[in-house]
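1. Any chance you can model this:
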Amino acid sequence: MVKIPAKQAVLELEKLLSDVAKGQEIVIIASDGSAIKLVALPRNPQPIFGSAQGLVAIGDDFDDPIEGFEEYML
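-> Residues are numbered from 1 along each chain as shown. This next block holds a predicted model:
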């Protein structure tokens, strides 16, 4: 855990945010002694396009008329 004064944190904010995103714990100490801990929020997983390839199969009879629905067909 890294403890850093608030005035220094303002100057290094972008670096601190990068460190937090990588898992580092950062505590910012204000001049009155109060402390704030920076934590990263979990990221939403990004889709991997094509990852389900081969998992879904459509039967050869997919477009065939459904028995019992003749009256609804045009």
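2. all helices for the chain, in order.
-> 6-11, 13-21 (DSSP state H).
3. Nearest to P42, out of the ones you listed?
-> For P42, the closest of the helices of the chain is helix 13-21, at 11.2 Å, according to C-beta to C-beta. (C-beta placed from N, C-alpha, C; glycine too.)
4. follow-up on the earlier one: put together a markdown table for the helices of the chain, with mean pLDDT on each row.
-> Formatted as a markdown table, the helices of the chain follow (pLDDT from 0 to 100):
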| stretch | mean pLDDT |
| --- | --- |
| helix 6-11 | 94 |
| helix 13-21 | 94 |
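5. In JSON lines, list those along with distance to E67.
-> Shown next, in JSON lines, are those (distance: least, C-beta to C-beta, whole Å):
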{"stretch": "helix 6-11", "distance to E67": "71"}
{"stretch": "helix 13-21", "distance to E67": "57"}
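6. what about these, which gets the closest to A35?
-> helix 6-11 (9.6 Å).
7. Which elements pack onto the closest one?
-> In this structure, helix 6-11 packs against strand 26-29, with contacts taken as 3 or more C-beta pairs under 8 Å, 6 or more residues apart in numbering; DSSP states H and E.
8. Give the partner strands of the strand it packs on in its sheet and their orientations.
-> Using DSSP bridges, strand 26-29 pairs in its sheet with strand 2-5 (parallel), strand 35-38 (antiparallel).
9. Show me which positions of the last one end up buried.
-> When burial is assessed from 16 or more other C-beta atoms under 10 Å, strand 35-38 yields the following buried residues: L38.
10. go on, stretch 29-43?
-> Going by 16+ other C-beta under 10 Å, stretch 29-43 has these buried residues: 29, 38.
11. Just give me how far that stretch sits from the chain centre.
-> Stretch 29-43 sits 21 Å away from the centroid of its parent chain (C-alpha atoms, centre = their mean, to the nearest Å).
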